[in-house]
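Novice: curious how this folds, go ahead:
(chains A and B)
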Amino acid sequence: MSKQKTERLLSLVVCLLSSRRYLTASQIRDAVPGYPAAFDAFKRMFERDKDELRELGIPLETGMNNPDEEIGYRISRQAYELPEIVLEPDEAAVLGLAARVWRRAELAGAAAGGLLKLRAAGVEAEESTQPGIEPRLQTPEPAFGPLWEAVRDARSVRFGYVAAGRAAAQVRNLEPWGVVNRHGRWYVAGFDRDRGEERVFRLSRIEGEVTFTGPPGSVTVPEGTDVHKTVQAWDTAPPQVRTAELRIRAGAGFGLRRRASAEAPLDGADGWDLVSTPFSDTGWYADYIASFGADVVVIEPVDLREAVIRRLKGALISEPADGRRRAGEAT
Amino acid sequence: MSAPRRSGRAGTAADRLQRLLALVPYVVSREVVGLAETAAAFGISETELVDDLNMLWCVELRSPDPYCPIDLSYEGGEIVISEAESMDRPLRLGADEASALLVGLRLLAELPGPQDRSALRRTIAKLEAAAGEAAAASAHVSVHMDGRAPADVQAQVADAMRQGRRLHLSYYVPGRDEATERDVDPMRLLLVEGRAYLEAWCRRAEAVRLFRLDRVLALTVLDLPAEVPEQAVGVDVDSGQLFRPSPDDVRVELELADAGRWVAEYYPCEQVTEAADGRIRVLLRTPDTRWVRRLALRLGEDGRVLSPPGLARAVEEDATAALALYA
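Specialist: The predicted model follows:
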């Protein structure tokens, strides 16, 4: 970290904040210590400093005091200052709780920075002792950062996307309208330029870099858009529900019985119950049933029964990694 | 996952500038404030804080006439800023800052739980007003974390927590395919990776336990006060691992095919290494291997237990017994 640079930037901010008038570049050089004497070198450094201040959100204004004057700079106090905000202790406590939501996620720094500014405004946001609740958002998807920026700044993007059931990524061009978290997963919804319609993408299926393809402000979110509803509709396409007839050992298969639509002791088979359960995803349900081992047998449908048998056979051929033969096998 | 960035502490000149710009109004709004307290609030050491104060005090503008816009002292460990020129208010919130806080507040307001909803509503309104335009971007982030738990279970848990009452739980343990009965004293409601957990002192285990709300089969709010013992320490929600392995746990090594890779993401694995044919090997520790047998059956040919050998044999026996029923 460069101490001189911090000192110079600090002086620059104080100088521009305390002046009501626009100050020209040379006036700034005369007032703020730390700039080189040569004008060209000063200009280059000053340009970089201006960029840094703007990146921090400091509203640097340019203008002229009189039409015949050189262009100058100032920071309007009104544009700079956080308006008055007074929080009661219970309000400050929930604010502390809210800032923690991002602690392990992309906007952790932003949440902490915002909290610090509010504390600087006099808010006493304690690391609160409020009873209770600790929600955490995670953003393990590398695409979250650039997509959030794109949504925030209303810019179009391009990225590679591996759609469900496809092996390779396809290039997609999107005008993003919003990012949505459902059940801990992130989605982006927007206008797909290639498909010419509204689309939803799961961030974990985005491959490689997300690049901006338009300047800030170039995306318009249509009036009345509700990205959450869009994602919800996409995520919960009504599945085809079927019924499985299962033989479950008495006192076992608890997880399956929880979703049962009918349950009764099986005639002529002591110690077994006949249980009917709804299911939609055959593959997933077969895996789940296989996990109950010899406590559950599928009677029907046949495709589910066969899928379970396949799973169990798969578990049987688990030879040790060094190729040793299984116990009991002829040598 | 990218490491969370800590504001204020980071190394660049811009980061330090942000801190300095917040430091002045922090002190001014409190009139007098201790060095130790301030350093803690900014997450820096007292030495770093004194460096910051010295830098502020040294600011000098040279033109038209030289003057020092900031005057302060920190004698006796108490900071007083007597002259702050035009720096006595913090900078406005940026779009990221306003959004991060507002999204967090709105999420809390929406979740069932013991939190103070009236305080949340008031805070959201005040923050939106103070943030102004910077709040607009937050409308483009929407978070819906219901924890996949039945609404009535969440509501009853929240009730018990608000009233400080003990709960009786009938709780499903999938690893053993059992319903268990126990009394618990609620501590916190955690929502992590899209799931809701009740953190509670379990009177049966005499330890802090996490209960996934979607596995609660039934619950009763008891007419008894919750008594969480002093030695009960909550889990560290931010450690990245809700369930900590113990040194006494069994080491289980699994080999996973492509279709079984989800295991490495779903369960906390200590070690993930690439093996032949695009397979991976993972190492996990667990106090009870019964669930691993179930996992191995469910994985079928997409995964197998490498060690311990006894566990691999048990999986084979389980599969053989199950297949016999289809013969």
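Novice: tell me how far A:P239 lies from A:D281.
Specialist: The spacing between A:P239 and A:D281, counted by C-beta to C-beta, to the nearest Å, is 7 Å. (Each C-beta comes from the backbone N, C-alpha and C, glycine too.)
Novice: joint contacts of the two?
Specialist: When C-beta atoms under 8 Å, 6 or more residues apart in numbering or on different chains defines a contact, no residue borders A:P239 and A:D281 alike.
Novice: can you show me the strands along chain B?
Specialist: B:32-34, B:71-73, B:78-83, B:141-144, B:165-173, B:178-192, B:195-202, B:207-212, B:216-225, B:250-256, B:271-274, B:280-286, B:303-307 (DSSP state E).
Novice: for whichever residue of the stretch 51-200 of chain B sits closest to chain A, give me its contacts.
Specialist: When distances are taken as C-beta to the nearest C-beta, the stretch 51-200 of chain B reaches nearest to chain A at B:G194, 2.2 Å away. By C-beta under 8 Å, 6+ apart, the contact set of B:G194 is A:R182, A:H183, A:G184, A:R185, B:M145, B:G147, B:R148.
Novice: could you tell me which residues make contact with the residue of the stretch 201-331 of chain A found nearest chain B?
Specialist: The nearest approach of the stretch 201-331 of chain A to chain B comes at A:G314, 2.9 Å away (C-beta to the nearest C-beta). With contacts defined as C-beta under 8 Å, 6+ apart, A:G314 is in contact with B:L299, B:G300, B:E301, B:D302.
Novice: is it true that it lies in a helix?
Specialist: Yes: looking at A:G314 with DSSP: H, G, I helix; E, B strand; the rest coil, it is inside a helix.
Novice: ok, now how distant is it from B:G260?
Specialist: Taking C-beta to C-beta, one finds A:G314 at 10 Å from B:G260.
Novice: which neighbouring elements make contact with the worst-scoring helix or strand of chain B on mean pLDDT?
Specialist: Across the helices and strands of chain B, mean confidence by mean pLDDT, DSSP states H and E is lowest for helix B:262-266: a mean of 81. Applying 3 or more C-beta pairs under 8 Å, 6 or more residues apart in numbering or on different chains; DSSP states H and E, one finds that helix B:262-266 makes contact with strand B:250-256, strand B:280-286.
Novice: burial measure for A:G34, as a count.
Specialist: Residues lying near A:G34 (other C-beta atoms under 10 Å in any protein chain shown) number 16.
Novice: so it lies in a helix, does it not?
Specialist: No: counting by three-state DSSP, A:G34 is located in no helix; its state is coil.
Novice: could I get the full set of helices for the chain?
Specialist: Since no chain was named, I'll use chain A. Remark: helices assigned in chain A by DSSP state H are A:3-18, A:25-31, A:39-55, A:77-80, A:89-100, A:108-120, A:144-153, A:227-235, A:254-257, A:282-290, A:302-316.
Novice: please go with chain B instead
Specialist: B:13-30, B:35-42, B:46-58, B:95-110, B:117-131, B:151-163, B:262-266, B:290-299, B:309-324.
Novice: residues contacting the residue of the stretch 151-300 of chain A found nearest chain B?
Specialist: Residue nearest to chain B within the stretch 151-300 of chain A: A:G184 (2.2 Å; C-beta to the nearest C-beta). Shown in contact with A:G184 (C-beta under 8 Å, 6+ apart): A:Q138, B:M145, B:V192, B:E193, B:G194, B:R195.
Novice: does the last one touch B:R148 like I think?
Specialist: Yes: using C-beta atoms under 8 Å, B:R195 makes contact with B:R148 at a distance of 6.2 Å.
Novice: so between those two, which is more surrounded?
Specialist: The neighbour comparison of B:R195 against B:R148 (other C-beta under 10 Å) goes to B:R195, with 20 against 13.
Novice: can you name the residues bridging to the more buried one?
Specialist: Note on B:R195: beta-bridge partners by DSSP bridges are B:V192.
Novice: how about low-confidence regions in the stretch 51-200 of chain A?
Specialist: A:126-131, A:165 (pLDDT under 70).
Novice: any chance you could map the strands in it?
Specialist: A:60-63, A:72-75, A:132-136, A:157-161, A:170-182, A:185-192, A:197-202 (DSSP state E, counting those that start in this stretch).
Novice: which residues does the fourth one contact?
Specialist: So that's strand A:157-161. A:143, A:146-147, A:150, A:169-174, A:176, A:201, A:205-213.
Novice: for burial, what's the neighbour tally of the residue lying closest to A:I85 once chain neighbours are set aside?
Specialist: Excluding its sequence neighbours, the residue lying closest to A:I85 (C-beta to C-beta, 6 or more residues apart in numbering or on different chains) is B:A130, at 4.1 Å. Look at B:A130: counted by other C-beta under 10 Å, it has 22 neighbours.
Novice: go on, A:A163?
Specialist: Neighbours of A:A163 (other C-beta under 10 Å): 13.
Novice: my read is that it contacts A:R205, right?
Specialist: Yes: with contact defined as C-beta under 8 Å, A:A163 reaches A:R205; the gap is 7.1 Å.
Novice: if we can go back for a sec, quickly list what's touching both of B:R195 and B:R148.
Specialist: Contacts common to B:R195 and B:R148, judged by C-beta under 8 Å, 6+ apart, are B:D214.
Novice: just the buried ones from the contacts of B:G194?
Specialist: The neighbour-count test (16 or more other C-beta atoms under 10 Å in any protein chain shown) marks A:R182, A:G184, A:R185, B:M145, B:G147 as buried among these.
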